[in-house]
Structures are given as structure tokens and as C-alpha cells.
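Colleague: What follows is a protein structure lacking sequence information:
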């Protein structure tokens, strides 16, 4: 799987806004939503006011993929099958790059 340049959202308001009203993501970009704890409900996403579909990859606290799905624009809510702490939102073309059980490695780049 090719590396992605992701923007990290840790605050409630950043996670709430997500990619609403944004231009479509190029395939090499993403948004990583970081929840304070693992949860099914807290890691659910909505697609209201979205102009494009997304690939959603849910990860547990150890960065193991616990669910992968396509989220359709204007879908009211989509929750993972298992509790997750990290939610990676990326271009739908990246959906096949991730599978349940994969471990992702995250590297923060302060020069970006």
C-alpha cells in the first residue's frame, strides 16, 4: 500500500467537521481522526454535506485495521463493526489497499 499524506484531527471540532464542504481528496491524501478511546459509537462517521464518497478504515488502539468500508456521500451514519480509536478517511480508490487485520504505521512529519 502506498504511503498517504494525512492531516490529523484530534480535537472534537476538527473531527466533527472532518471533510465536510471540502474538495475531493486526491488518492495520495487522507484525514486521520483520533478518538480519545476505542468505541464503536464514538468512531462512527457521518457523510452529511459531503460532495464525494470516501474509503473509511477503522483502526484499534494498536493501529490494527478492524473494519474497512465505502462511505457514500450524504449517508447519515456509518459505524465500524468493532470498536476503533483511529478513523482514516481517504480516496475510494484506496479501499482495496486495506484489509481487516493489517497493521498501519503512522509517522508524523513536522516539516509538512
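Modeller: Nice, thanks for sending it over. The structure presented is a predicted model; accordingly, all values stated were derived computationally and were not measured.
Colleague: Would you map the helices across the chain?
Modeller: 12-17 (DSSP state H).
Colleague: surely residue 51 meets residue 72?
Modeller: No. The pair residue 51 / residue 72 is not scored as a contact, 11.8 Å apart, by CB atoms under 8 Å. Any C-beta I mention is one placed from the backbone N, CA and C, and that applies to glycine too.
Colleague: Can you spell out which helices and strands pack onto the lowest-mean-pLDDT helix or strand in the chain?
Modeller: When the helices and strands of the chain are scored by mean pLDDT, DSSP states H and E, helix 12-17 comes last with a mean of 84. Packing contacts for helix 12-17, counted by 3 or more CB pairs under 8 Å, 6 or more residues apart in numbering; DSSP states H and E, involve strand 29-39.
Colleague: helices or strands up against the strand it packs on?
Modeller: Judged by 3+ CB pairs under 8 Å, 6+ apart, the packing partners of strand 29-39 are strand 5-9, helix 12-17, strand 84-90.
Colleague: what's the first one packed up against?
Modeller: Just to be clear, that refers to strand 5-9. Counting contacts by 3+ CB pairs under 8 Å, 6+ apart, strand 5-9 packs against strand 29-39.
Colleague: and the strand it packs on with strand 5-9, angle?
Modeller: Strand 29-39 and strand 5-9 are oriented at 40 degrees to each other (axes from the mean of the first three to the mean of the last three CA atoms, to 10 degrees).
Colleague: in strand 29-39, what counts as buried?
Modeller: Residues of strand 29-39 classed as buried under the neighbour-count rule (16 or more other CB atoms under 10 Å) are 30-33, 35, 38.
Colleague: pLDDT and distance to residue 4 for the residues you listed - can I get that in JSON lines?
Modeller: Conversion of the buried residues of strand 29-39 to JSON lines gives the following (pLDDT from 0 to 100; distance: CB to CB, whole Å):
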{"residue": "30", "pLDDT": "94", "distance to residue 4": "4"}
{"residue": "31", "pLDDT": "93", "distance to residue 4": "10"}
{"residue": "32", "pLDDT": "95", "distance to residue 4": "9"}
{"residue": "33", "pLDDT": "95", "distance to residue 4": "14"}
{"residue": "35", "pLDDT": "95", "distance to residue 4": "19"}
{"residue": "38", "pLDDT": "97", "distance to residue 4": "22"}
